[in-house]
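Visitor: Let's see this in three dimensions:
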Amino acid sequence: MNRWERRGTKRLGSCKNISSVAGRGGARSVLVAGGAGFLGSELCKRYLQKGYDVTCLDDLSSGRLVNLEGHLNHPKFTFLRQDVSKPLNLEGSFEYIFNLACPASPPKYQADPLQTMKTCLFGAFNLLDLARATGARILQASTSEVYGDPHVSPQKESYAGNVNTYGPRSCYDEGKRAAETIFHDYHECHGVDLRVARIFNSYGPGMDPQDGRVVSNFITQALQGERITVFGDGSQTRSFCYLDDTVDGLIALMHSPPSEFEPVNIGNPKETPVGKLAELVLEKISSTSRVSYLDLPQDDPKRRRPDITRARTRLGWEPRVNLSDGLDRTIGYFRNELAASGKIVPGAM
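Guide: As a prediction, this is how the structure comes out:
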């Protein structure tokens, strides 16, 4: 047994073996599937601060126990190591359920595309069945990837997208699109109270240094004195949204009144060219790194920019942390992570 798989002195194993400790009473009780990721762990922290009983369910395929170190001994926190695509067998009920259970990094979700699809599809069915049985409100963490390589910018929630069903990114893009359909149909057929958030390019402390996404790649490469790898010519854009802002948006959406159960974009409407991001990172880190340009991967989106009118009007939400400040906080986190493992280049500040 991993030393962290415990709640107080009570040993925790699979959901099947510990169902008696999960879902303590429903009221003021939250389940976060994928709760060991950097977004999920922040959600766990926020709800613990609000006085909720919090259950984190994660198979640790991409989530990390280090993100939960501050919670593991909390009397209101339970960690369950479980693949969400397998039967959950949970007893009790929850007031709120967040479904963040899927790797969001291209290298990680492409490593096992069939498992990625299973996580998106079976995970949606399993958690929706739980919500239906217990009367919980459930939020699906969807993604800007449902828009594929968009032909329009900014992307409104009404845009149907341009997604390749056969490409290397399809397991994630189509898995998330199908999950949205499953959520919609559970509401239409069973009246499940649900929310859908389309998340755009989140970043911040708690990310795995080996995450494989552009922000973590550039920062860790610079801190280690490696070449910064920019795919394509660097003109493709992303809309980077800092951790705190993304989580604020998810919580605001979860606690919002029902409004036709339409998806809501949660992202930063300020788009940044990837090449500009590389320049910003190098400005902030004294490093010997140089930029290296590689071929753009298949189906890599050329533009990412959300229209957040719906989030502004319905939730009163918009991001507050600018990219420069967010990068400063994230660089500090990665510097500490790499220094602890002895992987940082001396003098990289």
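
Visitor: Only C-alpha atoms, please: export stretch 116-130 in PDB.
Guide: Extracted in PDB, the C-alpha atoms of stretch 116-130 (Å, rounded to 0.1, in the frame of the first residue of the first chain):
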ATOM      1  CA  THR A 116      -8.400   7.700 -23.100                       C
ATOM      2  CA  MET A 117     -11.600   6.900 -24.900                       C
ATOM      3  CA  LYS A 118     -12.700   4.600 -22.200                       C
ATOM      4  CA  THR A 119     -12.100   7.200 -19.500                       C
ATOM      5  CA  CYS A 120     -14.100   9.800 -21.500                       C
ATOM      6  CA  LEU A 121     -17.000   7.500 -22.300                       C
ATOM      7  CA  PHE A 122     -17.300   5.000 -19.500                       C
ATOM      8  CA  GLY A 123     -16.200   7.500 -16.900                       C
ATOM      9  CA  ALA A 124     -19.100   9.800 -18.100                       C
ATOM     10  CA  PHE A 125     -21.600   7.000 -17.800                       C
ATOM     11  CA  ASN A 126     -20.400   5.800 -14.400                       C
ATOM     12  CA  LEU A 127     -20.400   9.300 -12.800                       C
ATOM     13  CA  LEU A 128     -23.700  10.200 -14.400                       C
ATOM     14  CA  ASP A 129     -25.300   7.000 -13.100                       C
ATOM     15  CA  LEU A 130     -24.000   8.000  -9.600                       C
END
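
Visitor: And the spatially most central residue of the chain, how close does it get to G249?
Guide: Computing the C-alpha centroid of the chain and ranking residues by Cα atoms, centre = their mean puts L39 first, at 5.1 Å. Distance of L39 to G249, computed by Cβ to Cβ, to the nearest Å: 11 Å. Glycine gets a C-beta too; all of them are placed from N, C-alpha and C.

Visitor: shaky segments in this protein?
Guide: 1-26, 344-349 (pLDDT under 70).

Visitor: Run through the helices of it in chain order.
Guide: Using DSSP state H, the helices found in the chain span residues 38-49, 106-111, 113-134, 170-190, 214-223, 243-254, 274-284, 309-315, 323-340.

Visitor: Can you tell me which of the ones you listed is nearest to P154?
Guide: Ranking the helices of the chain by their distance to P154 (criterion: Cβ to Cβ) puts helix 309-315 first, at 9.3 Å.
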